[in-house]
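S.K.: Below are the sequence and a predicted model; questions follow.
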Amino acid sequence: MSRLVVVSNRLADPRKPAAGGLAVALGEALNQTGGLWFGWSGTVAENGTPGEGELHTRQAGPVTLATLDLCSEDHHSYYQGYSNSVLWPVFHYRLDLADFDASYIAGYRRVNKLFARKLLPLLRDDDTIWIHDYHLIPLAAELRAMGCKQRMGFFLHIPMPPPLIMAAIPQHEWLMRSLFAYDLVGLQSEADVSHFKRYVRNEGSAEEVDDTRVRAFGATVAVQAFPIGIDVEEFTRLTQASEAVETYESMRAEYSRRRLLMGIDRLDYSKGIPQRVRAFRELLDRYPENRGSSTLIMIASPTRDDVNAYADLRQELEGLCGSVNGDYGELDWMPVRYIHRMVARKRVPGLCRAASVGLVTPLRDGMNLVAKEYVVAQDPDDPGVLVLSRFAGAAEQLKEALLVNPYDTQGMADSIQQALQMPLAERQARHQKLMERIREHDVHWWRQSFLSALQSAGA
Ligand code: ADQ
């Protein structure tokens, strides 16, 4: 078995329980092969030189963790700039929020080259290399240019936009061409795969070699959907553990006279959080029986506060929550509880289980793991209802959720009302179907199917 090398912008110590399903799943594969995990250390060196960075290595059991510092100029142009102000908004179809500052691309290239230069000496001839996400799209091309012959796969955690949206990025052709340096490109959904294929057909005159492989720009790459899942067993254990049970019980005691609706996200404009508050307001307006009896709890953790669009979003959300509470609140009932904080991972299942309705309403999302966590945390005998945006990658799999269009405020309010009124037998039947699908395509299935496709792709 060849050694696995994982490269991602950030990494987590897979032995720490707080690491979450993805880190645990990757950690498992790395443990089996005595692997290497390589990425940015999270440290920004104030006086560093662009394109340079100190490398630190340490062991976590059989796994070597290798991390690189970035200087502030590289952090600004590679991370805040090109990754999070160009690629993140455009890949989420938000051209209006993209900042196409011409200086960012140099930093993005420089850091990908730096990653390649520092990683190369750590590689062995028969390594299998798995590179993650939009920060590192050109990394394989940089490694190939330095003579790297190893098998390389890429997984994009965020959506692949349609060709004409992708084409708004000045360097779109270079980005898409650089994906052809991989043996396998994994995407979250079939919709993403079709966008990729349409792009390369239109812009690269691609030929389809077979069901999965396409040839364009003088190279062949396999492209497939691998919808990411969660670690169902780990999340079930978390749900049964004392912290989650205590959280569930204290929520039920606190809100004994109310039905809870719950949303948990990073405070990101892709997650459709203001749209959710507007739909809740519409619910209170159209279906007044919910006044005094339903409470929306929204936990939105701070993220990328230093990018402008995020500060605007925070302000908009605070205004919206304040106006719903001001217009509809009573002395003994606050319609919306908004918490701008991360909650401990161990408490997440308890919060999910206490909610009669899970609101996962992104405007666009690669997958959305909260949708899957919400379902797994439910009591199968009396499950809550998942209200899920049709624009989340998860909607391709989770058809028994109530699928909604987050831009349609009235339609979303009607679906929330349907969720609140749903008879027990229907809730149970939907929950059972959702669980089957989430269990079948868990994070272990995702990792194994990607890695086995990579073995065949590079053969
Ligand atoms: P994210 O955009 O981070 O991931 P998501 O898939 O929803 O989104 O995962 C978030 C994780 O963080 C979940 O495990 C959730 O429980 C946790 N979380 C979120 N907010 C929290 C809070 N306030 N407190 C505590 N925990 C919180 C990217 C892509 C997604 C894709 C994943 C995995 O944007 O589309 O599903 O990668 O590929």
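M.R.: Everything's here; your move.
S.K.: now check whichever strand or helix holds Trp446, is it near the ligand?
M.R.: For Trp446, the host element (DSSP states H and E) is helix 443-457. No: for helix 443-457 and the ligand, the contact criterion (Cβ under 6 Å from any ligand atom) is not met; the two come no nearer than 8.9 Å. For the C-beta atoms, the positions are set from N, CA and C on the backbone; glycine is no exception.
S.K.: got the buried residues for the helix or strand containing Ile299?
M.R.: Assigned by DSSP H and E, Ile299 belongs to strand 294-301. Residues of strand 294-301 classed as buried by neighbour count (16 or more other Cβ atoms under 10 Å): Ser294, Thr295, Leu296, Ile297, Met298, Ile299, Ala300.
S.K.: Looking at those, which one is closest to the ligand?
M.R.: The shortest gap between the ligand and any of the buried residues of strand 294-301 belongs to Ile299, at 4.4 Å (Cβ to the nearest ligand atom).
S.K.: show me the contacts for the closest one.
M.R.: Listed by Cβ atoms under 8 Å, 6 or more residues apart in numbering, the contact set of Ile299 reads Met262, Gly263, Ile264, Asp265, Ile339, Arg341, Val343, Leu351.
S.K.: Direction included, what does the strand holding Ile299 pair up with?
M.R.: Taking DSSP bridges as the criterion, strand 294-301 forms sheet pairs with strand 259-266 (parallel), strand 336-339 (parallel).
S.K.: closest to the ligand out of the ones you listed?
M.R.: Of all those, it is strand 259-266 that lies closest to the ligand, at 4.8 Å by Cβ to the nearest ligand atom.
S.K.: Can you find the helix or strand in this protein with the smallest mean pLDDT?
M.R.: Least confident helix or strand, the chain: helix 21-33 with a mean of 80, by mean pLDDT, DSSP states H and E.
S.K.: so after it, what's the next helix or strand?
M.R.: Next along the chain after helix 21-33, taking DSSP H and E as the criterion, comes strand 36-45.
S.K.: name the helices or strands packed onto that next one?
M.R.: strand 4-7, helix 21-33, strand 63-71, helix 104-119 (3 or more Cβ pairs under 8 Å, 6 or more residues apart in numbering; DSSP states H and E).
S.K.: Mind listing the strands it pairs with, and their directions?
M.R.: According to DSSP bridges, strand 36-45 has these partners: strand 4-7 (parallel), strand 63-71 (parallel).
S.K.: Give the bridge partners for the closest residue in space to Phe180 that isn't next to it in sequence, please.
M.R.: Distances taken as Cβ to Cβ, 6 or more residues apart in numbering place Ala219 nearest to Phe180, at 4.0 Å, with adjacent residues excluded. Beta-bridge partners recorded for Ala219 (DSSP bridges): Ala216.
S.K.: close enough to count as contact, Ala219 and Ser178?
M.R.: No: taking Cβ atoms under 8 Å as the definition, Ala219 is not a contact partner of Ser178, at 10.2 Å.
S.K.: Pick out whichever of the two has more residues nearby.
M.R.: Ser178 (20 against 15; other Cβ atoms under 10 Å).
S.K.: quick one: that one from Leu434, how far?
M.R.: Ser178 is 37 Å from Leu434, where distance means Cβ to Cβ, to the nearest Å.
S.K.: again with Glu426
M.R.: From Glu426 over to Leu434 the distance is 12 Å, taken as Cβ to Cβ.
S.K.: More neighbours: which of these two?
M.R.: More crowded of Glu426 and Leu434, by other Cβ under 10 Å: Leu434, with 24 against 13.
S.K.: What separation is there between the residue of the chain positioned farthest from its centre and Met251?
M.R.: What lies farthest from the middle of the chain is Leu331; by Cα atoms, centre = their mean that is 38.4 Å. To Met251, Leu331 is 21 Å away according to Cβ to Cβ.
S.K.: same check, this time on Met146
M.R.: Counting by Cβ to Cβ, the gap from Met146 to Met251 is 53 Å.
S.K.: ok, now Arg364?
M.R.: Relative to Met251, Arg364 is positioned 30 Å away (Cβ to Cβ).
S.K.: Alongside the ligand, which residues does the stretch 201-350 of the chain contribute?
M.R.: By Cβ under 6 Å from any ligand atom, the part of the stretch 201-350 of the chain that sits against the ligand consists of Ile228, Ile264, Asp265, Arg266, Ile299, Ser301, Met342, Val343, Val348.
S.K.: number of nearby residues for the last one?
M.R.: When you say that, I think you mean Val348. Val348 has 24 nearby residues by other Cβ under 10 Å.
S.K.: and the next element down the chain from the helix or strand hosting it?
M.R.: Assigned by DSSP H and E, Val348 belongs to helix 348-354. Next along the chain after helix 348-354, taking DSSP H and E as the criterion, comes strand 357-360.
S.K.: Tell me which helix or strand comes right after the strand holding Ile299.
M.R.: helix 308-328.
S.K.: Can I get that next one as CSV, trimmed to CA atoms?
M.R.: Extracted as CSV, the C-alpha positions of helix 308-328 are listed here (Å, rounded to 0.1, in the frame of the first residue of the first chain):
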residue,chain,number,x,y,z
ASN,A,308,-15.4,43.3,4.1
ALA,A,309,-18.4,41.3,2.9
TYR,A,310,-18.6,39.5,6.2
ALA,A,311,-18.8,42.7,8.3
ASP,A,312,-21.7,43.9,6.1
LEU,A,313,-23.5,40.5,6.6
ARG,A,314,-23.1,40.7,10.3
GLN,A,315,-24.7,44.1,10.4
GLU,A,316,-27.6,43.1,8.1
LEU,A,317,-28.3,40.1,10.3
GLU,A,318,-28.3,41.9,13.5
GLY,A,319,-30.7,44.5,12.0
LEU,A,320,-33.1,41.8,10.8
CYS,A,321,-33.1,39.8,14.1
GLY,A,322,-33.6,43.1,16.0
SER,A,323,-36.6,44.1,13.9
VAL,A,324,-38.3,40.7,14.2
ASN,A,325,-37.8,40.8,18.0
GLY,A,326,-39.0,44.4,18.2
ASP,A,327,-42.0,43.9,16.0
TYR,A,328,-43.3,40.5,17.2
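S.K.: Noted, bye for now.
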